[in-house]
Structure formats: structure tokens, C-alpha cells
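Asks: Pasted the sequence and its predicted model underneath.
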Amino acid sequence: MTTCGGLLRDHHDKWKIWFAKKVGCTTTFVAELWWVLQDLCIARDQGVQNILLQVDLESVIRSIEEGKVGCMSGASLVQAITKLMK
């Protein structure tokens, strides 16, 4: 079972929200996409308009920027992420 998790901090570097989510049996790439999506959803729900994401995999950043992913589950996550970033 793969999980993703993250932490939101404010502009003073104080912890605001921590989360964890089970994402099933998947790749590190897809788990990282889940993390980005969850982080953006939480930030939106908290009314955050500016966010700095620190992502471990360069391929995740590239996929989000280019909107291209090789796997179906990754493609739907990238679409959801791109929609939230608008």
C-alpha cells in the first residue's frame, strides 16, 4: 500500500495542516502527483491563493508544466492539478 502525505505551513513557516492519504498500489510518480493534488485542494479549501510546492521528482514537475503523462492514472491527476492551478 502506497501513501502520500504533506504539510502546509504559513508565511512564517508555522505548521498549519498535515495530511496523509492511502493511494493504493502505485508508482512513486503517481503517489507524488496525489500529494500535489491533495496539497492544492487543502490550500484552496483554506483560502490560500499563493502556494510554494516542493516536489521531489523532476518528472512530476515536467509533467505538470507540459501536461503530458505516460500513464492513464497520472494523466487524470495532472488534469486535476492543472485545473486547480488556474
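Replies: Thanks, I have it.
Asks: And the helix or strand Cys41 falls within, what does it pack against?
Replies: Assigned by DSSP states H and E, Cys41 belongs to helix 28-45. Judged by 3 or more Cβ pairs under 8 Å, 6 or more residues apart in numbering; DSSP states H and E, the packing partners of helix 28-45 are strand 2-9, strand 15-24, helix 58-66, helix 72-85. Every residue, glycine included, has its C-beta placed from N, CA and C.
Asks: mind running it again at 6 Å?
Replies: strand 2-9, strand 15-24, helix 72-85 (3 or more Cβ pairs under 6 Å, 6 or more residues apart in numbering; DSSP states H and E).
Asks: Can you point out the buried residues in stretch 40-48?
Replies: Burial within stretch 40-48, assessed by neighbour count using 16 or more other Cβ atoms under 10 Å, is assigned to 40, 42-43.
Asks: Please identify which of the residues you listed is nearest to Arg9.
Replies: Using Cβ to Cβ, Ala43 is the member of those that sits closest to Arg9, with 11.0 Å.
Asks: where does the protein dip in pLDDT?
Replies: Counting by pLDDT under 70, the low-confidence segments of the chain come to 1.
Asks: list the contacts for the residue nearest the centre of it?
Replies: What sits nearest the mean C-alpha location of the chain, by Cα atoms, centre = their mean, is Val36, with 0.5 Å. Applying Cβ atoms under 6 Å, 6 or more residues apart in numbering, one finds that Val36 lies in contact with Ile81.
Asks: how close does it get to Ile61?
Replies: Val36 sits 9 Å away from Ile61, going by Cβ to Cβ, to the nearest Å.
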